[in-house]
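In: Provide a 3D model corresponding to the input given below.
(one chain, ligands or ions: 4)
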Amino acid sequence: MYKTLALVLASAISVMACEIPGDVLSNNITESFSLQIQNASFPDIHNHYLNIWDWGGGDQHLFVSPAGNSTSELQLIDGVITLPWDPPRRAVINGEYEVLDNTTKMFMTERGDPRAVFDVVYGCNPDTDAVQVQLAFKSRGDEEAGGNVGVRPFNGMYDFRWTPAGNTAYDASRPWTKVTLVIVHP
Ligand SMILES: *[C@@H]1O[C@H](CO)[C@@H](O)[C@H](O)[C@H]1NC(C)=O
Ligand SMILES: *[C@@H]1O[C@H](CO)[C@@H](O)[C@H](O)[C@H]1NC(C)=O
Ligand SMILES: *[C@@H]1O[C@H](CO)[C@@H](O)[C@H](O)[C@H]1NC(C)=O
Ligand SMILES: *[C@@H]1O[C@H](CO)[C@@H](O)[C@H](O)[C@H]1NC(C)=O
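Out: Ligands and ions are numbered 1, 2, ... in the order given. Reported below is the predicted structural model:
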């Protein structure tokens, strides 16, 4: 019986660990993409997409689909999520700082706010175990290294927010959920 259990566990572990290629990925991706959001523990957001919302003044705010407009024209330039418009809109982390959970908004703008900078890494799809290409948070511009990007309830939708590394602040009435951002080419 224990032998059977061990076999079942071993196969479960192998199912959950796809083989990660050894190469290092460029932080420039000029072939247009959408960003899929993954966190298999949270069905309301898992496998939804990062959408844009024309917030005025040239800014696009970021929401979890179905809120806002879908986009598949994102690029990654020097690790920064970019809409290749004229002028380009870049993902930044600034504004609406919330002391209750120590989060700051991530949105897209043509202005010079501290950029959200990512590395590009391989991961395993939690549903299919296929190899996928995903973003790993690197820094808030030159201001602060590390931290995580997640989503938080906002007027019946979810917007995107960054927390610094080691953050322990948490607001149970408005829970912040860490997400994986996955490159999906249309
Ligand atoms: C990424 O693209 C930018 C803008 O085109 C360019 O300046 C930079 O050298 C590129 N970096 C790499 C590693 O190719
Ligand atoms: C979606 O895009 C359309 C066309 O550009 C625009 O008129 C509309 O304001 C956008 N809606 C949102 C929520 O951004
Ligand atoms: C909030 O974030 C700052 C860094 O941005 C950090 O110094 C501080 O410890 C954090 N607060 C909590 C409660 O984690
Ligand atoms: C899902 O969200 C929880 C809560 O924020 C977090 O602890 C966990 O690491 C997340 N999982 C992934 C795969 O991002």
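
In: residues touching E98, list them.
Out: For E98, the contacting residues are 104, 161, 171, by CB atoms under 8 Å, 6 or more residues apart in numbering. Quick note: C-beta positions are derived from backbone N, CA and C, even for glycine.

In: any idea which of the residues you listed is closest to ligand 1?
Out: Of all the contacts of E98, ligand 1 sits closest to T104, with 25.7 Å by CB to the nearest ligand atom.

In: Point me to the helix or strand that includes the closest one.
Out: strand 104-109 (DSSP states H and E).

In: Point out the other helices and strands that that strand packs with.
Out: Strand 104-109 sits against strand 59-64, strand 89-93, strand 157-163, with contacts defined as 3 or more CB pairs under 8 Å, 6 or more residues apart in numbering; DSSP states H and E.

In: and those strands as a markdown table, adding distance to R140 and mean pLDDT?
Out: Output for the helices and strands packed on strand 104-109, formatted as a markdown table (distance: least, CB to CB, whole Å; pLDDT from 0 to 100):
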| stretch | distance to R140 | mean pLDDT |
| --- | --- | --- |
| strand 59-64 | 15 | 98 |
| strand 89-93 | 5 | 98 |
| strand 157-163 | 7 | 98 |
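
In: Can you give me the first-to-last residue distance of stretch 51-67?
Out: 7 Å (CA to CA, to the nearest Å).

In: and that stretch, how far out from the chain's middle?
Out: Remark: stretch 51-67 is offset 15 Å from the chain centroid, using CA atoms, centre = their mean, to the nearest Å.

In: now swap in stretch 18-34 and tell me
Out: For stretch 18-34 - counting by CA atoms, centre = their mean - the centre lies 15 Å from the chain centre.

In: Now that stretch: buried residues?
Out: 18, 25, 27, 29, 33-34 (16 or more other CB atoms under 10 Å).

In: contact partners of it?
Out: Stretch 18-34 has contacts (CB under 8 Å, 6+ apart) with 49-50, 70-79, 118-125, 129-131, 133, 183-186.

In: Which ones among the residues you listed map onto strands?
Out: Here DSSP state E is the test, and those give 49-50, 74-77, 118-124, 131, 133, 183-184 as lying in strands.

In: For PyMOL, what selects the buried ones among those residues?
Out: Per 16+ other CB under 10 Å, the buried members of the ones in strands among the contacts of stretch 18-34 correspond to this PyMOL selection:
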select buried, resi 49+50+74+75+76+118+120+122+123+124+133+183
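
In: How many residues are close by P43?
Out: 9 (other CB atoms under 10 Å).

In: Wasn't it part of a helix?
Out: No: membership of P43 in a helix is not supported by DSSP: H, G, I helix; E, B strand; the rest coil, which gives coil.

In: what pairs with the helix or strand F137 falls within, and is each one parallel or antiparallel?
Out: Using DSSP H and E, F137 sits within strand 131-140. With DSSP bridges as the test, strand 131-140 is paired with strand 116-124 (antiparallel), strand 144-145 (antiparallel), strand 180-184 (antiparallel).
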